[in-house]
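Asks: Sequence and computational prediction follow.
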Amino acid sequence: MQPTPPRIKRPLPAILAAGAATVVGSTTAFAQGATFQTPGMPIWAASGQIDRFSNDFNPAIGALLDGFGDYIVTDDDEAEGLDLYLRSFEMTVNGRVDPNWWGYAVIVYADEEVTLEEAAVTYSGFEDNTTLRFGRFFVDFGKQMQAHLHDLPYPDRPGVLAEYLGEELPGIGMQADHWWATGESSALRASLGLFSQFELGGHGHGDEGELSDEPTVGQPERKEASELGLTARMTQFMDVGKTGVFQWGASARHIGSYSFEDETSGGAIEDLSTTTYGVDATYGFDSNDGLSGWTFGAEYLVATGELGAEFDAGTGVATVLDDTKSGYYVWAEHRADIQNTYGLLVSSFEHLEDPTEELQLTAYYTRYFSEFARLRFAVSHADIEDAEDSTRFLVQLTTFFGPHAHGVNW
């Protein structure tokens with residue numbers, strides 16, 4: 001980058017004359033921007049590398065549509081039936097800021113709302129294998145929580161992850177990453193994140209017989225240092241044989257301060273905290289020609305601390321649910337060729353807010369027409385203790401327009 005050039009000092013009449021000449025001589029030029037600068041105004045393109053019309057650093061812009069059609073079979077008449085819906089429309093922007101910085105943003109339309117899911121910049125100008133990320137981005141937890149729903153190999157997030165962490169897990173803060181070579185065929189990566197806000201779901205409920213509306217989850221806008229959220233992950237991958245790769249990982253997420261508020265009763269409980277731990281393992285191998293292969297994965301999670309709250313609908317008095325819950329998922333997928341994959345996903349977990357256990361089974365087939373379009377068929381079954389079982393048949397069509405990438409690290 002070139003240093004900022006000094007301003008050229010000219011007499012005021014000469015400056016005004018130049019401005020008047022701009023207005024009289026070309027209204028188009030005036031619309032494009034002033035030809036001189038007054039003190040205190042932003043310096044545009046001071047380095048001289050670009051001007052207003054340069055397109056050398058245009059960001060990569062992409063979009064996708066993720067649509068579903070499903071039919072649910074259950075004894076609950078309200079939940080049974082057919083539905084066709086657009087789960088999400090997503091627009092992504094990725095681009096270089098300069099040789100040491102790059103950034104991206106993800107804008108999503110889902111559930112009739114437009115949200116900014118991610119907006120972050122990454123600094124990679126260190127001499128070693130260290131990067132820093134700042135902004136709003138998906139938390140580095142486990143093998144797949146960095147991935148968006150449409151990028152998963154199966155239709156939905158495994159049940160244990162959705163229950164303990166959420167369908168998606170964005171946070172606002174910063175994260176440091178570093179990786180080391182651990183031999184000729186393996187590498188180790190570690191990350192540490194510090195967050196002021198996590199996107200959280202609700203896990204509170206009213207007492208039986210006097211149910212109140214589900215409480216809302218809140219977080220203080222400004223926190224003490226001890227109330228900040230923390231994440232950490234360590235993972236290593238290594239070659240196994242000629243075509244195999246094994247990866248293990250361990251993760252943690254700590255929420256330092258959050259609250260439940262019950263609008264019906266007016267009750268509230270604050271200064272809650274919880275920690276979720278996870279370990280994961282993934283193994284994949286390809287055929288000698290690289291056209292087919294298998295992938296196997298598993299993850300085990302433990303959530304502990306103040307997991308939720310119950311409110312008395314009449315008095316608003318809250319009872320904190322301080323407990324430890326656990327669950328897992330296992331997954332296997334066969335890539336028959338470059339266009340066809342088959343898979344099976346099993347997830348079993350304890351609900352955070354009650355003693356109920358749930359088992360989810362999903363079998364799926366994916367047809368890749370190209371790298372920009374895929375069609376998926378799946379059937380899933382949910383067996384919930386002391387509740388109605390359900391079976392879901394679905395078709396998922398996902399199409400990509402232009403480049404598609406997120407800030408996912410291995």
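Replies: Ah, there it is.
Asks: how's the chain carved up into domains?
Replies: 1-56, 61-401 (automatic domain parsing).
Asks: could those go into JSON lines alongside distance to residue 407?
Replies: For every residue, glycine as well, the C-beta is placed using N, CA and C. Shown next, in JSON lines, are the domains of the chain (distance: least, C-beta to C-beta, whole Å):
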{"stretch": "domain 1-56", "distance to residue 407": "23"}
{"stretch": "domain 61-401", "distance to residue 407": "6"}
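Asks: Reformat these as TSV; add mean neighbour count and mean pLDDT.
Replies: As requested, those are exported to TSV (neighbours: other C-beta atoms under 10 Å; pLDDT from 0 to 100):
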stretch	mean neighbour count	mean pLDDT
domain 1-56	10	51
domain 61-401	17	91
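Asks: of those domains, which approaches residue 409 most closely?
Replies: Residue 409 lies closest to domain 61-401 among the domains of the chain, at 6.0 Å (C-beta to C-beta).
Asks: what distance separates the start and the end of the closest one?
Replies: 9 Å (C-alpha to C-alpha, to the nearest Å).
Asks: Residues in a beta bridge with the residue sitting nearest the centre point of the chain, which ones?
Replies: Centrality entry for the chain: nearest residue to the mean C-alpha point is residue 138, 3.5 Å, by C-alpha atoms, centre = their mean. In this entry, residue 138 is beta-bridged to residue 170, by DSSP bridges.
Asks: Could you pull up the residues touching it?
Replies: Neighbouring residues of residue 138 by C-beta atoms under 8 Å, 6 or more residues apart in numbering: 117-118, 145-148, 168-171, 406-408.
Asks: Then residue 131?
Replies: Here residue 131 is in contact with 122-124, 176-178 (C-beta under 8 Å, 6+ apart).
Asks: how close does it sit to residue 119?
Replies: Going from residue 131 to residue 119 by C-beta to C-beta, to the nearest Å gives 17 Å.
Asks: same deal with residue 78?
Replies: Taking C-beta to C-beta as the measure, residue 78 falls 38 Å from residue 119.
Asks: tell me how far the ends of stretch 72-84 are from each other?
Replies: By C-alpha to C-alpha, the extent of stretch 72-84 from end to end equals 12 Å.
Asks: which residues touch that stretch?
Replies: Contacts of stretch 72-84 (C-beta under 8 Å, 6+ apart): 67-71, 388-393.
Asks: Give me the subset of the residues you listed lying in strands.
Replies: 67-71, 390-393 (DSSP state E).
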